[in-house]
Each structure stands twice: as C-alpha cells, then as structure tokens.
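Participant: Kindly generate the corresponding structure for this input.
(2 chains)
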Amino acid sequence: MLRTLAGGGSPAEQFIVTELRLPRLVTALLVGAALALAGTVFQSLVRNPLGSPDILGFTQGASTGALVVVVLGGSSLALAGAAVVGGLGTGLLIYALAWRRGVHGYRLILVGIGVAAILTGVNGYLLTRAPLMDAARAVLWLTGSLDGRGWANAGPLLAVIAVLAPLVLVGCAPALRMMELGDDTAGALGVPVRRLRLVLLASAVLLVSFAAAAAGPVSFVALVAPHVAKRLTRAAGPNLLPSMAVGAALLVGADLLAQRAFAGHQLPVGVVTGVIGGGYLVWLLAAERRAGRL
Amino acid sequence: MHPGSTRLGGTALTLAYDRRVIAENLTVAVPDRSFTVIIGPNACGKSTLLRALSRMLRPSAGAVLLDGRDIHGQSARAVARTLGLLPQSSIAPDGISVAELVARGRYPHQGLLRQWSREDERVVEESMAATGVDDLADRLVDELSGGQRQRVWLAMALAQQTPLLLLDEPTTYLDIAHQIEILDLCARLHEEQGRTLVAVLHDLNHAARYATHLIAMRDGRVVAAGDPATVVTADLVAEVFGLPCRVIDDPETGTPLVVPAARRRATEPA
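Facilitator: Residues are numbered from 1 along each chain as shown, chains lettered A, B, ... in the order given. The predicted model follows:
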C-alpha cells in the first residue's frame, strides 16, 4: 500500500487507494477534528459539558438545510451547501434569541434544546414530504456516513479548517482559557468578551456546518471528544489540540469499525459513533457521579 | 499624583439594564490612594455603579473616566493593566491548582510575542505570599474552603498588578472571622502597596471601620460621600437604610459604630 501511495502499484490499486480509501480517511480525520474543535469551543464558551452542537441545535439546522434540498431535488453539492446555510442560519437564530445580550450558559442551552426540538420536528415533516427513494437517501445522510466520500467532500472542509483552526488555536485559545473563569472575571482580565464570543461562535458553527456538509450530522463526536481529551491530558482549560486529535482518531476508528464489524454489511459511521459515544457518555456520567463530581 | 486628584470617576452617569434605569445623573469620584467603600440598601445601584466603573457596563449617558479618558474608548486589555476587578462570583475551572489560577491574573500583561516570564513568576509568588495562600500553591481550588478560595481570587487580582482594584462584595458568603480576614488583607494592600481600592460592602460597620472614603447610595443617588467619621451619622443611616439607630465610637478603632435601635417605633409606616 505504501508503494501505491508513493506512486507505484497497478492502476486498480492506484484507484482504490487514492480515489476511494485515502479521501475517505482524510474526510474522516477532518470531520472528526472539526467536530471536536467546535464541541470544545462550545463547551468552554457555555461552561457546560453538554454544550455541544448536537444538543444546541446546530446539527439539526444543518440537517434541515440538507433535507430541503432532498425534497426540492438537487445535486449533492447543493445538499452540502444547504447544510452549511442551515447550520449558519440556526447559529444566527440562537444568537438572536439567547446570546446577544451576553447570556449565561444555561439560557443558551435551553434555547438551543428548544430550537433543536423544533428543527427535529421540521426535519421529520420534510422526510414525510420527500419521495421514497430520496427519503431513504436522506435518512442515510442524517445518520452520518463516510461512504463514497471523495476529495470533493474533503476539500471545502479542509479549507475551512485551514483558516479557522489557526484562528481558534492561536488567536483565541488564551482568551478562551480566561472565559472559563466567568464573563466578568474574563472581562476584568482584559478579554473583549463579546467580540471573542462572536468570533468563536461563528467559527464553531462554520466548522460544524462544513463537517455536516461533508459527512452528514455525525453524532456525539463533538460532545464526547472534549471529555476524552480532558481525561487524557488531565489539564484544566480547553484542550483544543488534544480534542481535535481525539475527534479525528475517534471518527477514523469508528469508520473502520463500521466497515468491518459485520462482514458484508457496512454500517453508516454515525451509527457507530452514536453507540460508542452514547455509551461512553453514560459511563462517564456514572463515573463522575461515583467520584462525587456531579 | 497630588492628593485630591482622581484617576477614576464617573460624570452624569445614566446606568440601565435594557430599559430598566438603575441610576440617573450619577456623579462619583474615587480619590487616589483611598480605600473607598460604597454602601447602601439592596438594589440601590451600588453594584451597578461598580460594574460601570470597571467597564463591565456601558453607561447609557455620561462617561466613566479612567486617567482622564473615557473608559469605553480604551481597549479591554489596556484597562485591565490599570484597573482590576474581583467580581461577586467567579468560576474556578475543574482541576485547576491555586498557582495556575493566580497565574491567570498575568493575562493582560501577556501577548502572542510576550510569553510567560520570570517576572510573571515572581509576581505570582508575591501575590500568593501577600494573601497567605503560598502554602496552598499546589492544591486544587475545588478543595479549598470559602475563605481560602476568596484569598486565592484576591491573589489572582493582585497578580494583575493594577494600581486600582475594585471589589464587589468581597466578604459575601464568608463567616465573620473570614470577613475580617479579607478586609484586614484589603486594608494592608491599601496601606502597604499604595493601591486604590473600591469595594461594595453590605456591612455598615465594616465600611465605617475600613473605608478612608465612604459613598452612601440610595435609589441610584449618592446621598453622602466623604470621611466615614463625618458621613456616618444616625440621620444618614435613617435616610439611607430607613433604620433608626445610635452611632457610637467603635471601642477598638474610634470609628463610627452603628447600633440599631432595639425596636422600631410603632408610628413608623410599614
């Protein structure tokens, strides 16, 4: 395989590696990293371990956008674009409803859950309006799948990460660390709280939206990766880079499992992340409870 | 800086949350090198005033001046090098140690190109020593008692090395011994380090004992301001708090001591 990557190998091997496997792997790495980064930023900003895009409604918003395209009919490029628009639109909506005046984490989460519930209803309605074949395709997309993902899917996400990851990791991370102390304390230490929050919120929503456009709304990675990273590093503060690594590894691992777990039958990767992520979360909550931290 | 000058003050301030106006046409001055204490009944606007003075709240009208310039015309970071704030509630991140938390007070002095230095290290150690938390440096903040934790937050604010320090009810949630401990600490910082302190306090007797300059507020207005010995009178306490009392000399310090009357007069309207 290394030989093939280096340019050798038969044309068939070349095709399988560079056109099928590699783009899928790269897409998995990028989606995992993007979701994990967004999740860590959200959790830090709202100071709540449940502050993930799955729960706040951004993922559902991206799905709504995609489903509208499914119902109206459109190319997969239009679907990806609509997912981005849906995610960003939801971001704006939640910002307008809950965040503009600088609100505390709980209000954002409650508004987010409300918006998520409404959008889930809308998504269900859209599914019933879709032609049967398209509905089946839509359900697969909604589960989150890396099947058949090529360079066309990885490209836009790579561009977004290339711009936003340095902005967040280098430009905003020290200030985000201060935000964990509370808005007032962060402000007293010289953090421009409102502007930082807006930049980070926009970055995280963009990351989630483009990740959803590439692979569908893969569940739980954004929620779980920051927790895993925190347990691995045992460090205070947003562990942005470790989270990205965990997210990328998690999604690649889950995708491998999804392809190999049942011989002759591939699962969408979202099923695996849902099962692993949900299970891990329940275990984590139980463990934290035993340790008296929750 | 000559005596009587002020680096921090507000002129003709209107303070409001959304449309709820807390104070109108409020003018205050914080004398340099004073330990200024703001007192007043609940909801009189004292914490709101502190928020405005610390750039947390933008006045709807009027301006807060820091070193002669509108505080909102200055960047958050520039203000944070001159003026520190200990808010009513802060959040200690999970798993953070005392030394790490105090070190975060150095944030306004750092930048992309100016990373952690020996100077930062020295200031953090001095701040922990000044507040008596140096023995706790490696302990987790979660494990500390309320009094210890408040000293750690104070150490963080000290590490910011600001000539002006604002404290919003720094003694709330503490028992009487720890309240006095924190106030003694503040008095020492004021006397030994020459910092200008502005604190919102609930306890009138604490205010009278520790303040060098007292601001008494009611309904968003300054009722009286000046030396506690002249400001704190039975009439003022009646006017500001609606509490009949006697004011005697504190046997420890000679400062005014407010002793509430034993029973309200029956004729007083409910």
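
Participant: On the three-state scheme, residue 9 is what?
Facilitator: As the question left the chain open, I've gone with chain A. What DSSP: H, G, I helix; E, B strand; the rest coil gives for A:G9 is coil.

Participant: could you do chain B instead?
Facilitator: strand.

Participant: from what I can see it touches B:V28, true?
Facilitator: Yes: contact status for B:G9 versus B:V28: in contact at 6.0 Å, counting by C-beta atoms under 8 Å. C-beta here means a position set from N, CA and C on the backbone, and glycine is covered the same way.

Participant: Same drill for these two, tell me which one is more crowded.
Facilitator: B:V28 (22 against 17; other C-beta atoms under 10 Å in any protein chain shown).

Participant: who in the stretch 1-150 of chain B is up against chain A?
Facilitator: B:18, B:54-56, B:75-81, B:84-97, B:100, B:104-105, B:107-108, B:110, B:112 (C-beta under 8 Å from any C-beta of the partner chain).

Participant: Please repeat the previous calculation with a cut-off of 6 Å.
Facilitator: Residues of the stretch 1-150 of chain B lying close to chain A (C-beta under 6 Å from any C-beta of the partner chain) are B:56, B:76-77, B:80, B:85, B:87, B:90-91, B:93, B:95-96, B:107-108.

Participant: Of those, grab the buried ones for PyMOL.
Facilitator: Buried residues among the residues of the stretch 1-150 of chain B next to chain A (16 or more other C-beta atoms under 10 Å in any protein chain shown), as a PyMOL selection:
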select buried, chain B and resi 56+76+77+80+85+87+90+93+95+96+107+108
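
Participant: Pick out whichever of the residues of the stretch 1-150 of chain B next to chain A sits closest to B:D134.
Facilitator: B:D134 has its nearest neighbour among the residues of the stretch 1-150 of chain B next to chain A in B:I96, at 16.8 Å by C-beta to C-beta.

Participant: so the closest one touches A:A236, yeah?
Facilitator: Yes: with contact defined as C-beta atoms under 6 Å, B:I96 counts as touching A:A236 (3.9 Å).

Participant: Find the closest residue to chain B in chain A.
Facilitator: The minimum distance from chain A to chain B, using C-beta to the nearest C-beta, falls at A:G190 (3.0 Å).

Participant: Quick check: residues of chain A near chain B?
Facilitator: Counting by C-beta under 6 Å from any C-beta, chain A comes close to chain B at A:M178, A:E180, A:L181, A:G182, A:D184, A:T185, A:G187, A:A188, A:L189, A:G190, A:P192, A:A236.

Participant: again, 7 Å this time
Facilitator: A:47, A:178, A:180-182, A:184-185, A:187-192, A:234, A:236-237 (C-beta under 7 Å from any C-beta of the partner chain).

Participant: out of the residues you listed, which is most surrounded?
Facilitator: A:A188 (33 neighbours).

Participant: I'd say that one and B:T82 touch.
Facilitator: No: using C-beta atoms under 7 Å, A:A188 is not in contact with B:T82; the gap is 11.6 Å.

Participant: Residue of the stretch 51-200 of chain B closest to chain A, please.
Facilitator: B:A80 (3.0 Å).

Participant: Give the full set of residues in contact with A:L56.
Facilitator: A:F42, A:I94, A:I109, A:G112, A:A116 (C-beta atoms under 7 Å, 6 or more residues apart in numbering or on different chains).

Participant: Make JSON lines out of the residues you listed and add secondary structure and pLDDT.
Facilitator: As requested, those are exported to JSON lines (DSSP: H, G, I helix; E, B strand; the rest coil; pLDDT from 0 to 100):
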{"residue": "A:F42", "secondary structure": "helix", "pLDDT": "89"}
{"residue": "A:I94", "secondary structure": "helix", "pLDDT": "84"}
{"residue": "A:I109", "secondary structure": "helix", "pLDDT": "79"}
{"residue": "A:G112", "secondary structure": "helix", "pLDDT": "85"}
{"residue": "A:A116", "secondary structure": "helix", "pLDDT": "90"}
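
Participant: Okay, now the unreliable bits of the stretch 1-150 of chain B?
Facilitator: Scanning the stretch 1-150 of chain B for pLDDT under 70 picks out B:1-4.

Participant: Figure out the helix or strand that the most centrally placed residue in chain A lives in.
Facilitator: Centroid check for chain A by C-alpha atoms, centre = their mean gives A:L35 as the closest residue, at 2.9 Å. Here A:L35 sits within helix A:22-46, counting by DSSP states H and E.

Participant: and if you look at B:A29?
Facilitator: B:A29 belongs to strand B:20-30, assigned by DSSP H and E.

Participant: helices or strands up against that strand?
Facilitator: strand B:8-17, helix B:46-53, strand B:221-226 (3 or more C-beta pairs under 7 Å, 6 or more residues apart in numbering or on different chains; DSSP states H and E).

Participant: What strands flank the longest one, and is each parallel or antiparallel?
Facilitator: Sheet pairing of strand B:8-17 (DSSP bridges) gives strand B:20-30 (antiparallel), strand B:61-66 (antiparallel).

Participant: Mind putting the ones you listed into TSV with distance to A:L158?
Facilitator: Shown next, in TSV, are these (distance: least, C-beta to C-beta, whole Å):
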stretch	distance to A:L158
strand B:20-30	48
strand B:61-66	46
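
Participant: now the angle from the helix or strand hosting A:D255 to helix A:22-46?
Facilitator: A:D255 belongs to helix A:240-260 when assigned by DSSP H and E. Going by axes from the mean of the first three to the mean of the last three C-alpha atoms, to 10 degrees, helix A:240-260 is angled at 140 degrees with respect to helix A:22-46.

Participant: which parts of helix A:240-260 are buried?
Facilitator: A:240-255, A:257-259.

Participant: Kindly report the same for stretch A:162-171.
Facilitator: A:L164, A:A165, A:V168, A:G171.

Participant: Pretty sure B:L197 sits in a helix.
Facilitator: No: the assignment for B:L197, made by three-state DSSP, is strand rather than a helix.

Participant: ok, for it, nearest residue in space, not its chain neighbours?
Facilitator: Once flanking residues are discounted, B:L197 sits nearest to B:F35: 4.7 Å by C-beta to C-beta, 6 or more residues apart in numbering or on different chains.

Participant: Count the neighbours of that neighbour for me.
Facilitator: Considering only other C-beta under 10 Å, B:F35 is surrounded by 22 other residues.

Participant: Tell me where the stretch 101-250 of chain A has helices.
Facilitator: In the stretch 101-250 of chain A, the helices defined using DSSP state H, counting those that start in this stretch lie at A:105-129, A:132-143, A:151-166, A:173-179, A:183-188, A:193-215, A:221-233, A:240-260.

Participant: Taking helix A:151-166 as reference, get the angle to the last one.
Facilitator: Which is helix A:240-260. Going by the same axes, to 10 degrees, helix A:240-260 makes 160 degrees with helix A:151-166.

Participant: for the next helix or strand after helix A:240-260, packing partners?
Facilitator: Downstream of helix A:240-260, the next assigned helix or strand under DSSP H and E is helix A:269-290. Contacts defined by 3+ C-beta pairs under 7 Å, 6+ apart place helix A:269-290 against helix A:221-233, helix A:240-260.

Participant: what's in contact with the helix ranked longest in chain B?
Facilitator: The residue-count maximum for a helix in chain B (DSSP state H) belongs to helix B:176-193. Helix B:176-193 is contacted from outside by B:35, B:131, B:146-147, B:150, B:154, B:167, B:170-171, B:174, B:195, B:197, B:199, B:206, B:210, using C-beta under 7 Å, 6+ apart.

Participant: Sitting in helices, which of the residues you listed do you find?
Facilitator: Per DSSP H, the contacts of helix B:176-193 map to helices at B:G146, B:G147, B:Q150, B:L154, B:H206, B:Y210.

Participant: Run through the residues that contact the fifth one.
Facilitator: Applying C-beta under 7 Å, 6+ apart, we find B:H206 in contact with B:Q179, B:L183.

Participant: Many thanks, we can stop here.
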